[in-house]
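Peer 1: quick one, what's the 3D model for this:
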Amino acid sequence: MTSNLEQICRYLAGQTDAQHIAGFLHGLFTPAEIADIESRWEIIKRLNKGHTQRAIASELHLGLCKITRGSKELKKAGSILKTAVEKFE
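Peer 2: This next block holds a predicted model:
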């Protein structure tokens, strides 16, 4: 039996249309959850560009704990987030 997360990942992995994926995500998540996902991605982009955690917290009106989590993930060896964010820079 596969986990729910694995099923979602497999479904998304089989999709090629960004609008279809967006529709899926908007159907699954609330507007607040979508906003949180977008905020977390913005954190990752800014961290990757070298912005300080305090500057990001101030600019985005967020707590440092969310930003620290993103920073730790980017610093991991073989970080998938780092690989992903660099595709858009």
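
Peer 1: same question for stretch 32-51: list its buried residues.
Peer 2: Judged by neighbour count (16 or more other CB atoms under 10 Å), stretch 32-51 contains these buried residues: 40, 43-48. Every C-beta, even on glycine, is put in place using the N, C-alpha and C of the backbone.

Peer 1: quick one: mean pLDDT for that stretch?
Peer 2: In this model, stretch 32-51 has a mean pLDDT of 96.

Peer 1: sec struct for the residue nearest the centre of the chain, please.
Peer 2: By CA atoms, centre = their mean, the mean C-alpha position of the chain lies nearest to Trp41, the distance being 3.9 Å. Taking DSSP: H, G, I helix; E, B strand; the rest coil as the rule, one finds Trp41 in the helix state.

Peer 1: that one and His26, how far apart?
Peer 2: Using CB to CB, to the nearest Å, Trp41 is found at 15 Å from His26.

Peer 1: how about residues contacting stretch 18-28?
Peer 2: Residues outside stretch 18-28 that contact it (CB atoms under 8 Å, 6 or more residues apart in numbering): 8, 11-12, 15, 34, 37.

Peer 1: go again with 10 Å.
Peer 2: Here stretch 18-28 makes contact (CB atoms under 10 Å, 6 or more residues apart in numbering) with 8, 11-12, 15, 17, 33-34, 37.

Peer 1: in helices only, show me the residues you listed.
Peer 2: 8, 11-12, 33-34, 37 (DSSP state H).

Peer 1: distance between the ends of stretch 22-35?
Peer 2: Distance between the two ends of stretch 22-35: 13 Å, counting by CA to CA, to the nearest Å.

Peer 1: helix/strand/coil for Ala77?
Peer 2: When classified by three-state DSSP, Ala77 comes out as coil.

Peer 1: quick one, grab the pLDDT at Met1.
Peer 2: For Met1, pLDDT reads 63.

Peer 1: do the same with Glu89
Peer 2: For Glu89, the model assigns a pLDDT of 83.

Peer 1: pull the residues that contact the helix or strand harbouring Val85.
Peer 2: Assessed by DSSP states H and E, Val85 sits inside helix 80-86. Helix 80-86 has contacts (CB under 10 Å, 6+ apart) with 40-41, 44-49, 70, 73-76, 79.

Peer 1: okay then, goodbye and thanks.
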